[in-house]
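**Q** Got a predicted structure plus its sequence, pasted below:
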Amino acid sequence: PRSTITTMSFGAAVAPAPQLVGSSTSGTTDRLAPQDHCVQSSGNDGISSLRWSETANHLVSTNWDGGVRCWEVQEQGGQIRALPKAQVNHEGNAPVLDCCLSPDGNTVFSVGADKAVRMWQLGQTPPNNVPQQIGSHDQPIKSVRFLK
């Protein structure tokens, strides 16, 4: 049976060397490309950004529903799965617009409509499930990057 769902999918690109790529879409499950893989618990609203960890098998998304979600991506016997690892929310469920990961892949930095820069250590649950605020601006923040 066909069902309309909001999915986040990722697949293998075959450009010079195989690599995983990500996208988000809304539609029916039968519209996925052959190498795409659905991700569970991708949120209740639009996905604003997707980031891969350079050093860990983590995929992180930010969402308009205020969530920052992390999955551990595993490959076993040719099958790729994304297992929900953790989720936090920005204060007041304000839309989260972007994120980045630290070089070691253990810390997520996120920004959004709550005008805050937030930091979340993967594997830890912050108080009230809201990441620690480490910076602010007088307007919503649309992007963040980690500089080495």
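**A** All right, it came through fine.

**Q** chain center to stretch 136-148: distance?
**A** Here the centre of stretch 136-148 is set off from its chain's centre by 17 Å, with CA atoms, centre = their mean, to the nearest Å.

**Q** can you check stretch 93-108 too?
**A** Remark: stretch 93-108 is offset 8 Å from the chain centroid, using CA atoms, centre = their mean.

**Q** Now it: buried residues?
**A** Neighbour counts over stretch 93-108 (16 or more other CB atoms under 10 Å) mark 93-102, 105-108 as buried. Yep, even glycine has a C-beta here, placed from its N, CA and C like the rest.

**Q** With pLDDT and secondary structure added, can I get these in CSV?
**A** Formatted as CSV, these follow (pLDDT from 0 to 100; DSSP: H, G, I helix; E, B strand; the rest coil):
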residue, pLDDT, secondary structure
93, 91, helix
94, 94, coil
95, 96, coil
96, 96, strand
97, 96, strand
98, 97, strand
99, 96, strand
100, 95, strand
101, 94, strand
102, 93, coil
105, 90, coil
106, 90, coil
107, 93, strand
108, 95, strand
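
**Q** Mind picking the one among those that's closest to residue 123?
**A** Comparing these against residue 123 with CB to CB places residue 106 closest, at 7.3 Å.

**Q** Could you check how far the closest residue in space to that closest one that isn't next to it in sequence is from residue 142?
**A** Spatial nearest neighbour of residue 106, chain neighbours left out: residue 122 (5.3 Å); criterion: CB to CB, 6 or more residues apart in numbering. The gap separating residue 122 from residue 142 is 23 Å, by CB to CB, to the nearest Å.

**Q** out of these two, which sits in the busier spot?
**A** Using other CB atoms under 10 Å as the criterion, residue 122 and residue 142 rank with residue 122 on top: 20 against 13.

**Q** returning to that earlier point: which of the buried residues of stretch 93-108 lies closest to residue 78?
**A** Nearest member of those to residue 78, counting by CB to CB, is residue 105, at 24.3 Å.

**Q** residue contacts, residue 102?
**A** Contacts for residue 102 (CB atoms under 8 Å, 6 or more residues apart in numbering) come out as 108, 109, 146.
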